[in-house]
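> Below are the sequence and a predicted model; questions follow.
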Amino acid sequence: MISTIGIIGSGTMGSGIAEVAALAGFNVVMNDLSRKALDSGLNRIKQNLNRSVEKDRITAVVATESLARIRTSEEFSPLETADFVIEAAIEDLNIKRDIFQKLDAMLNPEAIFATNTSSLSITSIAATVKRTGNVVGMHFFNPPPLMKLVEVVKGKQTSDETAAVTVELARRMGKAPVICKDTPGFIVNRVARPFYGEALRLLGEGVATVEEIDRIVKLEGGFKMGPFELMDLIGIDVNYAVTKSVYEQFFHEPRFRPHPIQRQMVEAGTLGRKTKKGFYQY
Amino acid sequence: MALKTICIVGDEALVKEYIALASSKRYKCTSTPSKTTTLALELTNISIEVKQKNLRRLDKSLKKSIPILSSSVTVTVAEQNTWIKHPERLIGLGALPTLLQGSLLEFAPSSLTTDAVKAAAQVFARSLGKETSLVQDSAGLVLPRILCSLINEACFALGEGIADGTDIDTAMKLGTNYPDGPVHWGMQIGLEQVHAVVAALHRHFGDDRYRAAPLLRSASFQDMI
Ligand SMILES: NC(=O)c1ccc[n+]([C@@H]2O[C@H](COP(=O)([O-])OP(=O)(O)OC[C@H]3O[C@@H](n4cnc5c(N)ncnc54)[C@H](O)[C@@H]3O)[C@@H](O)[C@H]2O)c1
């Protein structure tokens, strides 16, 4: 039975996942490189919990108790008691491998190592630890407290039991887990590619304008947001990076080929909402 | 007000959807062109031969002032123009099963389409309670191209055993807020229809990115979900 969850990285995703885990009643140990990073992660959690109390989604008591379940540390030693670790450090294979190798030597061999990677191979992250069967992908979506979906990704050596425990844990965290194989983009980042790719091509070919394509997709198709509004929200640079990564990992499969319009917008520094200019002006 | 008679021919699923909507808006729908026909809809996506035959028959039987709205997601309007004597009455329509649930119709005029025909298409769409958008004549037009490409990708993922159909649909609905999962939506549209659009894109662009997923063609699809 899982009672303590270790979380590596207290950035956007790590702090969000810590909040979800603490609210679900788990003890959380959150780790990051610096006190400053930990404090800013903890602050985000506090703000979110306060907002939830204001909006009557949780009581003040639940907020206080949840916060009290989160311990923070720059050291790995407090993670020793964790039954399940979720790694949400920066997207770098060597750093992720290094974290798991260190933990491999310290934690109970039964403990499961989950990584929140979006674009790296789970199989590759697992390759340098002894417990390869206990390494799994647990891909949360941003922001973790709001997004219900968790992709549970089975690497080549992930055991069925590890996947089952991870699915169960996601459910206990109030999430909706799906299971998928360790392939580039998993489900969402792969299957969604044509939504952006075809819209960009339609634009490039002059079939319709940005505004018209978005309007058609929303009114005719019932989508909440059009592809260009969504690219502006996600960040054109982020979307371009995901496309490139999936394209390269699939050995240049033409279905995933990025579009020159994306690259040019990144080069121009017009990245969407965050720069106040993308396909639209903000 | 006298009922206006419209002639609707084409793929069964589409004809059914259009008749249901048009009848509810007080149109009289027939399957053969006649003297009282004021507008014709040709809704074949699957077989180009059938489409050609239907269009030629409509073109021959109807007065040349009667507009023909022709589904143009698997063959361009420009190509259809060469099949008939009066191409100026032709305007492309983005017809694909399930899309009448939305509130907009896509039209693609060709360079020959008259203003009167464009206006008639708009009036007809409005009478069905739909907004309109005029787009360039291009295989798949806008939404059918995006949607069928999404479904095709979901079929690749399904065929490669990445995840089961239910999980793919859950992931897309929760992860990207799609109104329906691509696997379920594909079944609702009909895989033959989706395949026809993807195959048309492949023909039109000659680009391997538009090749159809093996599952889209195979009958085993049903069993995999
Ligand atoms: N942001 C998203 O939308 C999103 C969504 C899903 C998955 N992810 C994945 O989640 C992971 C984290 O992303 P993020 O957006 O939270 O990044 P972030 O930059 O906000 O946070 C990363 C944190 O990891 C810390 N860190 C770096 N190296 C470390 C180490 N060796 N040990 C401990 N902590 C370390 C950093 O100090 C930082 O606080 C990445 O793998 C990313 O691909 C991100």
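Yep, it's here.

> Tell me the spacing between residue B:218 and chain A.
Distance, residue B:218 to chain A, using CB to the nearest CB, to the nearest Å: 19 Å. For every residue, glycine as well, the C-beta is placed using N, CA and C.

> How confident was the prediction at that residue?
For residue B:218, the pLDDT comes out at 81.

> ok, it - contacts?
By CB atoms under 8 Å, 6 or more residues apart in numbering or on different chains, no residues touch residue B:218.

> what's the spacing between it and residue B:184?
According to CB to CB, to the nearest Å, residue B:218 stands 18 Å off from residue B:184.

> Scan the chain for its longest helix.
No chain in the question, so chain A it is. The helix that spans the most residues within chain A, counting by DSSP state H, is helix A:35-54.

> Correction: the question concerned chain B.
As assigned by DSSP H, the longest helix anywhere in chain B is helix B:143-159.

> Show me how far that one is from its chain's centre.
Using CA atoms, centre = their mean, to the nearest Å, the mean C-alpha position of helix B:143-159 is found 16 Å from that of the whole chain.

> Tell me the buried residues in the helix or strand just after that helix?
Using DSSP states H and E, the helix or strand that directly follows helix B:143-159 along the chain is helix B:165-176. Across helix B:165-176, burial judged by 16 or more other CB atoms under 10 Å in any protein chain shown covers B:165, B:167-176.

> How about stretch B:85-93?
Neighbour-count burial for stretch B:85-93, counted by 16+ other CB under 10 Å, picks out B:86-93.

> Residue 127: neighbour count?
Since no chain was named, I'll use chain A. Residue A:127 has 16 neighbours, counted by other CB atoms under 10 Å in any protein chain shown.

> The intended chain is chain B.
A count of nearby residues for residue B:127, using other CB under 10 Å, gives 13.

> where's it relative to residue A:219, distance?
17 Å.

> what helices or strands is the longest helix of chain A leaning on?
Applying 3 or more CB pairs under 8 Å, 6 or more residues apart in numbering or on different chains; DSSP states H and E, one finds that helix A:35-54 contacts helix A:12-23, strand A:27-31, helix A:60-68, strand A:70-73.

> Dump the ones you listed into JSON lines; add mean neighbour count as well.
Shown next, in JSON lines, are the helices and strands packed on helix A:35-54 (neighbours: other CB atoms under 10 Å in any protein chain shown):
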{"stretch": "helix A:12-23", "mean neighbour count": "25"}
{"stretch": "strand A:27-31", "mean neighbour count": "25"}
{"stretch": "helix A:60-68", "mean neighbour count": "15"}
{"stretch": "strand A:70-73", "mean neighbour count": "18"}
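
> hang on, the earlier thing: now for the longest helix of chain B, which elements pack on it?
Applying 3+ CB pairs under 8 Å, 6+ apart, one finds that helix B:143-159 contacts helix A:188-191, helix A:193-204, helix A:210-219, helix B:165-176, helix B:182-189, helix B:191-205, helix B:214-217, helix B:221-224.

> can you state the direction angle for that helix and helix B:182-189?
Helix B:143-159 and helix B:182-189 are oriented at 120 degrees to each other (axes from the mean of the first three to the mean of the last three CA atoms, to 10 degrees).

> so helix B:143-159 versus helix A:193-204, what angle?
Counting by the same axes, to 10 degrees, helix B:143-159 lies at 150 degrees to helix A:193-204.

> Can you classify the residue nearest the centre of chain B by secondary structure?
By CA atoms, centre = their mean, chain B has its centre lying nearest to residue B:95, at 2.3 Å. Per DSSP: H, G, I helix; E, B strand; the rest coil, the local secondary structure of residue B:95 is coil.

> Got the confidence number for the residue nearest to it when sequence neighbours are not counted?
Take residue B:95 and drop its neighbours on the chain: the residue closest to it by CB to CB, 6 or more residues apart in numbering or on different chains is residue B:71, 3.8 Å away. Looking at residue B:71, its pLDDT is 98.

> Contacts only, for residue B:71.
Counting by CB under 8 Å, 6+ apart, residue B:71 makes contact with B:10, B:14, B:41-45, B:92-96.
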